[in-house]
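> here's a sequence, model it:
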Amino acid sequence: MSMPALTSLVIAVWNQLEYTKRCLSSIEQWTGKPYELVIVDNGSTDGTREFLRTVKGRVIINERNLGCAKAWNQGIQASRGEVIGILNNDIVMTPGWLGALLAFMEKTGHGMVCPSAREGKLDYDLDGYAKEFVARCAGAARHGDVYAPCMLIRRDVFERIGLFDEGFSYGGCEDIDFIWRMKQAGFSVGMTGAALIHHFGMVTQDAIKAEETKTYPKENLAHFQSKWKRTVRGNWFNRRWDGIRMSWVRRYEQFRYGHMLVEKPGRS
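So this is what the prediction gives:
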């Protein structure tokens, strides 16, 4: 594919105003390529709705929490870009992130591309860390793997396989289901070390479990198993092999580049 004229960034939010502010500020500061924002508010009550009136972009307001899949689909249907980014609101961008992802997509032909990430507390110099990380890891990639908090997807993927499955409530498994459907349809996916983001991790989902319901993860897993006739992680052999594979991948990345493409302090 050629470099798109416009990328649409779709973000679903439910409360967590300070995270949303930080995310949008980083997008505005570090996104050098043409983009449009499409933000879907899922019934926020913490001042998010009022804040979104000041944001330049398309804002869709839901009176209640319809979940990630429904909100993302609303945003996709309202978007205009040739490439659509599905972004969590608890991530922070770094310089050149979008250009690097689009270049990776153009080079590889992947239907979905994702950045590398550091997870956890933002208690370090992110911009300085990102500069050093990208300098070392620009040539690193994981073909076949993704990082779901930030997914750039070609529009023709949606045109062929459809939108996210709204049978998954709140959030969870709809991204895995979509990726499996992509691969089933012949699309490839990949991650690149040429772009790095920070991800605080599960901020909205933890709040939903604390404030609304704790049952939806089991319901989503059951819906996934009914649809695919297997669990997300598969049987013992699937889990064992995936653990061995990822351990090898992380060790190789650390040895070859001095970093892993998904880093969390304390994890080796």
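> and the average pLDDT for the host helix or strand of Ile197 is what?
Using DSSP states H and E, Ile197 maps to strand 189-199. For strand 189-199, mean pLDDT rounds to 98.
> for it, packing partners?
Other helices and strands packing on strand 189-199, by 3 or more CB pairs under 8 Å, 6 or more residues apart in numbering; DSSP states H and E, are strand 91-92, helix 97-108, strand 112-119, helix 126-137, strand 141-143, helix 174-184. No exception for glycine: its C-beta is placed from N, CA and C like everyone else's.
> now do stretch 86-104: distance to the chain's middle.
In terms of CA atoms, centre = their mean, to the nearest Å, the centre of stretch 86-104 is found 9 Å from the chain centre.
> dump that stretch to CSV, restricted to CA.
In CSV, the C-alpha atoms belonging to stretch 86-104 read as follows (Å, rounded to 0.1, in the frame of the first residue of the first chain):
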residue,chain,number,x,y,z
ILE,A,86,-7.8,1.9,17.4
LEU,A,87,-6.2,3.5,20.5
ASN,A,88,-6.6,3.1,24.2
ASN,A,89,-6.9,6.3,26.2
ASP,A,90,-4.2,5.2,28.7
ILE,A,91,-1.3,5.4,26.3
VAL,A,92,1.2,8.2,25.6
MET,A,93,2.8,8.7,22.2
THR,A,94,6.4,9.6,21.4
PRO,A,95,8.0,11.5,18.5
GLY,A,96,7.4,10.1,15.0
TRP,A,97,5.1,7.3,16.2
LEU,A,98,2.5,7.5,13.4
GLY,A,99,5.0,8.0,10.6
ALA,A,100,7.0,5.0,11.7
LEU,A,101,3.9,2.8,11.9
LEU,A,102,2.7,3.9,8.4
ALA,A,103,6.1,3.3,6.9
PHE,A,104,6.2,-0.2,8.5
